[in-house]
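Q: fold the following and give me the result.
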Amino acid sequence: MEGSSVRTLEKIYVLCGANYGKDESYVEVAHRLGEVLGKRGINLIYGEGSLRLMGCVSTTTVVHGRRVLGIISSAFTEKNLIRKTCGKELKVASMHEWLLKMMEFGDAFIALSVVSIHWRKFSK
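A: Have a look, this model is predicted:
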């Protein structure tokens, strides 16, 4: 098409539930996503630490040579509900700022095993 352009994805924000879930395939998909991001040269943006499924995605992305940015709300760090990210960390003061930073830094987003509260935060 004349005048159209192709946009290259450099950074993808991944949103997923904290738990592994009852189905083992969730973990497999999380690892596969990190592998695909790494092999395609796409960096990962995510929030709230490196636990469980998000830890699978972030660690696998790093193992495959890409950068990771964890955007962490002080609401989670104060309660010690997260584990250190395996990449860079950006700490923000509120969940509102967390969401704004996610949208600012990511070129697109992928939702894996989303719990309803996360989806409500993101869709506002």
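
Q: packing partners for the longest helix seen in the chain?
A: Assignment by DSSP state H gives helix 25-39 as the longest helix of the chain. Contacting helix 25-39 under the criterion 3 or more C-beta pairs under 8 Å, 6 or more residues apart in numbering; DSSP states H and E are the following elements: strand 11-16, strand 43-47, helix 52-63, strand 108-112. To be clear about C-beta, it is placed using only N, CA and C from the backbone, and glycine gets the same treatment.

Q: who touches that helix?
A: Contact with helix 25-39 is made by 12, 14, 16, 20, 43-44, 53-54, 56-66, 110, 112-113, as judged by C-beta atoms under 8 Å, 6 or more residues apart in numbering.

Q: among those residues, name the buried ones.
A: Buried members of those, scored by 16 or more other C-beta atoms under 10 Å, are 12, 14, 16, 20, 43-44, 53-54, 56-62, 64, 66, 110, 112-113.

Q: just give me the neighbour total for the spatially closest residue to Glu10 that is not a sequence neighbour.
A: Excluding its sequence neighbours, the residue lying closest to Glu10 (C-beta to C-beta, 6 or more residues apart in numbering) is Asp107, at 5.9 Å. By other C-beta atoms under 10 Å, 14 other residues sit near Asp107.

Q: in this structure Asp107 contacts Lys11, no?
A: Yes: with contact defined as C-beta atoms under 8 Å, Asp107 and Lys11 form a contacting pair (5.3 Å).
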